[in-house]
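In: Any chance you could fold what I've pasted below:
(one chain, ligands or ions: 1)
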Amino acid sequence: MPSKKTNKRKRAERPTIHPKNKYANNPPDFSLLASLYPSFKPFVFYSPDGRPRIDWTDFNSTRELTRVLLLHDHGLNWWIPDGQLCPTVPNRLNYIHWIEDLLSDTISKNNKNGDIVRGFDIGTGANCIYPLLGASLLGWSFVGSDVTDVALEWAERNVKNNPHISELVEVRKVTDCQETLSIEDPNNAESVNGKNRTDMNGSLVDSGSFTLPVDAYKNYHGPPILVGVVRDNEKFDFCMCNPPFFETMEEAGLNPKTSCGGTPMEMVCPGGEKAFISTIIEDSVVLKESFRWFTSMVGRKANLKFLISKLRDVGVTVVKTTEFVQGQTCRWGLAWSFVPPSRKIISPYVAGKSILSFMLEGIQRQFSAIDVLQSVESFFHTSGASSKLNASSFAVDVTASNEQCDVILKKGGKLHDETANCNPIDAESASSSLHTPLNNLCFRISVFQQIPGTLLVKGSLQQRDSPVSGVFSSIIQRLEEVLRNKFCRAKPIVN
Ligand SMILES: C[S@@+](CC[C@H](N)C(=O)[O-])C[C@H]1O[C@@H](n2cnc3c(N)ncnc32)[C@H](O)[C@@H]1O
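Out: Below you'll find the predicted structure:
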């Protein structure tokens, strides 16, 4: 396993921004914005080295920056009242792009609007930031829910002030007595909704095939979140949520380095994010047919672990996590789905991609990242390819000829017979693409620890835009089968 020093270096090298994020290579230019927007100018000052800066501890300054960025870079008119949570545009974009990645794994949309992706933003806030960005950047449609009058009023205003996308966004009020979804219990035909997930004795609720223990709800006493808000027959491609992270305002504290506002209603809920997201998980069991992906931000790593184990308990088919580094703060993205994995396995391996990755989740305790790397090395070595393990960079460099690629793919094909599930590209058709003359295939396989028991395996093709990238994707797919078979517990996490 990497030493503490290596971990530290990795953290320092960790990308803080999604590669598709508009600001990844182009951070906001305060000087330019000040020259274009007179209202922003008073907030910009210059440090001794001549660099333009703003005072991040001043709410008016961060709000004005958000306003001009949304206007200048996204053509969005936007405002929030004093004290409401002020979003940082580059950070919020990271979540949108991560969802875009999740959706690219899926074959078809989950709604009747053809190509329009439909999302549900839980707790959209006065800022309504995710629907505004998702709609303007990617043409997604949204329902944004919230509970407070101020959030609902300002979210509406922010939508109406942007007529070019206003058709795409519905702001939905959550009330305690919503009766929008009823699910027939196959046993006693009583309906289950957000208000009566426990029976009259307060012990168990049956939601279709899954029985919920009552203590799943014991910490969350707030208004409904999904069940009771999502309507009958509604379908969404995803839901997203930046939850109230904290149990008390004291716990929320004040970050002395930034001032992004945030009222108690936005920041706090009984039981904090653990209870809030647990309730989303319970709701997702009831609404498993209504969403392809359920997602939420998570503020604490300890909670992330708890929530992942809860997801295992409720029988999801896929869990994915990512890290959002926001200045000094680290947040996590958690996504899960009940859609059978075979429906979503094809496109990660499409030809034409020079970087492909997959997650190995549920790795058995006795194995470490180095065991996985050694297996990667021997997987390619036994096919005759040159395969070199570099323990310090946690990577294996591989060079394979046409024939060796052929052997790798055929070998994988055999293994596939033993493993259950999901292989969209059969070995014959994949290897037939090798009959075009080509140079050696050179690529690197790197392994990163995500959280204990979960590794990210990344394959990077050295020749970008190579005509053999289809073969590369098939090879990565074979590798995934082999590693999953050897290192992962059989169920239930697949992707
Ligand atoms: C941390 S804020 C997020 C606001 C915005 N999405 C953002 O990212 O800046 C959490 C929001 O969730 C809302 N909220 C709390 N409980 C809710 C519930 N049961 N359903 C919908 N929204 C809720 C709060 O009013 C608040 O606006």
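In: could I get the lengthiest helix in the chain in PDB with only the CA atoms?
Out: What stands out as the longest helix in the chain, according to DSSP state H, is helix 469-487. Presented in PDB, the C-alpha positions along helix 469-487 are these (Å, rounded to 0.1, in the frame of the first residue of the first chain):
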ATOM      1  CA  SER A 469      -8.800   2.200 -29.100                       C
ATOM      2  CA  GLY A 470     -11.700  -0.200 -29.700                       C
ATOM      3  CA  VAL A 471      -9.300  -3.100 -28.900                       C
ATOM      4  CA  PHE A 472      -8.000  -1.200 -25.900                       C
ATOM      5  CA  SER A 473     -11.500  -0.800 -24.600                       C
ATOM      6  CA  SER A 474     -12.100  -4.600 -25.000                       C
ATOM      7  CA  ILE A 475      -8.900  -5.300 -23.200                       C
ATOM      8  CA  ILE A 476      -9.800  -3.100 -20.300                       C
ATOM      9  CA  GLN A 477     -13.100  -4.900 -20.100                       C
ATOM     10  CA  ARG A 478     -11.400  -8.200 -20.000                       C
ATOM     11  CA  LEU A 479      -9.100  -7.000 -17.200                       C
ATOM     12  CA  GLU A 480     -12.100  -5.800 -15.200                       C
ATOM     13  CA  GLU A 481     -13.800  -9.200 -15.400                       C
ATOM     14  CA  VAL A 482     -10.600 -10.900 -14.300                       C
ATOM     15  CA  LEU A 483      -9.900  -8.600 -11.400                       C
ATOM     16  CA  ARG A 484     -13.500  -8.500 -10.200                       C
ATOM     17  CA  ASN A 485     -13.600 -12.300 -10.300                       C
ATOM     18  CA  LYS A 486     -10.500 -12.600  -8.300                       C
ATOM     19  CA  PHE A 487     -10.700  -9.800  -5.700                       C
END
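In: Need the pLDDT of R67.
Out: Here the pLDDT value assigned to R67 is 98.
In: so who does the residue lying closest to C442 once chain neighbours are set aside touch?
Out: Leaving aside its chain neighbours, C442 sits nearest to Q462 (4.0 Å; criterion: Cβ to Cβ, 6 or more residues apart in numbering). C-beta coordinates here come from the backbone N, C-alpha and C atoms, glycine included. Shown in contact with Q462 (Cβ atoms under 8 Å, 6 or more residues apart in numbering): C442, F443, R444.
In: mind checking how far Q462 is from G384?
Out: Distance, Q462 to G384, by Cβ to Cβ, to the nearest Å: 19 Å.
In: do M267 as well
Out: 58 Å.
In: Those two: which is more packed in?
Out: A direct count of neighbours by other Cβ atoms under 10 Å for M267 and G384 places M267 higher, at 20 against 13.
In: Which residues of the stretch 201-350 of the chain lie near the ligand?
Out: G222, P223, I225, N242, P244, M265, E266, C269 (Cβ under 6 Å from any ligand atom).
In: In these, find the pair that's most separated.
Out: Taking Cβ to Cβ, the two most distant members of these are P223 and N242; they sit 16.7 Å apart.
In: quick revisit: tell me the phi and psi of the residue nearest to C442?
Out: Backbone torsions of Q462, given as degrees, to the nearest 10, read phi -80, psi -30.
In: With K458 instead?
Out: Torsion angles, degrees, to the nearest 10, at K458: phi -120, psi 130.
In: And for the closest residue to it other than its chain neighbours, the neighbour number?
Out: The shortest distance from K458 to any non-neighbouring residue, by Cβ to Cβ, 6+ apart, is to S357 (4.2 Å). Neighbour count of S357, defined by other Cβ under 10 Å: 16.
In: need the contact list for the closest residue to the ligand within the stretch 1-150 of the chain.
Out: Closest contact between the stretch 1-150 of the chain and the ligand, by Cβ to the nearest ligand atom, is at G123 (2.2 Å). G123 is in contact with S145, D146, V147, A151, C241, N242, P243, P244, E266, counting by Cβ under 8 Å, 6+ apart.
In: And it, how far from D58?
Out: For G123 relative to D58 (Cβ to Cβ), the value is 25 Å.
In: Need the buried ones from the contacts of G123 selected in PyMOL.
Out: Buried residues among the contacts of G123 (16 or more other Cβ atoms under 10 Å), as a PyMOL selection:
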select buried, resi 145+146+147+151+241+242+243+244+266
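In: quick one: which of the contacts of G123 is nearest T321?
Out: Once Cβ to Cβ is applied, the member of the contacts of G123 that ends up nearest T321 is C241, at 14.7 Å.
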